[in-house]
Each structure stands twice: as structure tokens, then as C-alpha cells.
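Novice: Okay, sequence plus prediction incoming.
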Amino acid sequence: MHWTLLFIAAALEIVWASALKSAHGFTRLWPSVFVVSAMGASMFLLALAARGLPIGTAYAVWTGIGAVGTAIAGIILYDESASPIRLLCIALIVVGVAGLKAFSR
């Protein structure tokens, strides 16, 4: 259950981080409300997940999934670079996150 909460929290991190662009530095009301709401829900679920997982693992997995997901969202939604070296760096984060999950109790 804790891993499920963590993965949902990470998905919400991807959502809020990707939506930051549409909030235009928190100058647009509804996109800003959406970002802050998703951010709060993500942090809340991270806190719940951390009850049953080591905090170092939970936080690293949360940020890793968020970073990878947001980078991929940037490529898809905002036409950001998908250069081979950038994709390699994203893959390295995925390997690190998978390793943390595989070797955590």
C-alpha cells in the first residue's frame, strides 16, 4: 500500500510540475490553484507513504519519478529537447529509482 501511495504522489508531482508553465509564475489564478492543489495532494501522499517506507528511499523515488515524468512531459507537451544525451540522463534516473525500489524493504 505504501508503494502505491508513493507512485500516486509521484504522478501528482509530474502533474503539478508540468502545470507550472501554464501558471505563468503564479500570475494566472486557476492554473495556480490547480498547481498548488496537486502539490499539496502530492506532498500529503508522500507523507503517508513515508509512514511505511524509509524516508530516504521514499523521497528519492518520489523526486526521481517526478523528474523523469516532468522531463518526458516537457518533451511531449512543450517540444523540449529529446537529444540522445538527455534521454540517457533520464534513463540513468530510472535505473537509480528502480534500484532504490528493488533494494528497499
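Specialist: That came through fine.
Novice: Do a quick rundown of the helices in this structure.
Specialist: With DSSP state H as the criterion, the chain has helices at 2-23, 29-50, 55-78, 84-102.
Novice: Tell me the pLDDT of the residue nearest the centre of the chain.
Specialist: Among the residues of the chain, the one closest to the centroid is G66, at 1.6 Å (C-alpha atoms, centre = their mean). pLDDT for G66: 97.
Novice: which one is it nearest to, not counting chain neighbours?
Specialist: Counting by C-beta to C-beta, 6 or more residues apart in numbering, G66 lies nearest to E13, which is 3.5 Å off, once chain neighbours are set aside. All C-beta spots, glycine's among them, are computed from the backbone N, C-alpha and C.
Novice: ok, now which ones touch the one you found?
Specialist: Residues near E13 by C-beta atoms under 8 Å, 6 or more residues apart in numbering: 39, 42, 62-63, 65-66, 69-70.
Novice: Would you list the buried entries among those residues?
Specialist: 39, 42, 62, 65-66, 69-70 (16 or more other C-beta atoms under 10 Å).
Novice: rewinding a little: can you add distance to P54 and give the contacts of E13 back as JSON lines?
Specialist: What follows is the contacts of E13, written out as JSON lines (distance: C-beta to C-beta, whole Å):
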{"residue": "M39", "distance to P54": "23"}
{"residue": "S42", "distance to P54": "19"}
{"residue": "W62", "distance to P54": "12"}
{"residue": "T63", "distance to P54": "14"}
{"residue": "I65", "distance to P54": "16"}
{"residue": "G66", "distance to P54": "18"}
{"residue": "G69", "distance to P54": "22"}
{"residue": "T70", "distance to P54": "24"}
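Novice: Go ahead and confirm the residue nearest to the centre of the chain touches I14.
Specialist: Yes. The criterion here is C-beta atoms under 8 Å, and G66 meets it with I14 at 5.7 Å.
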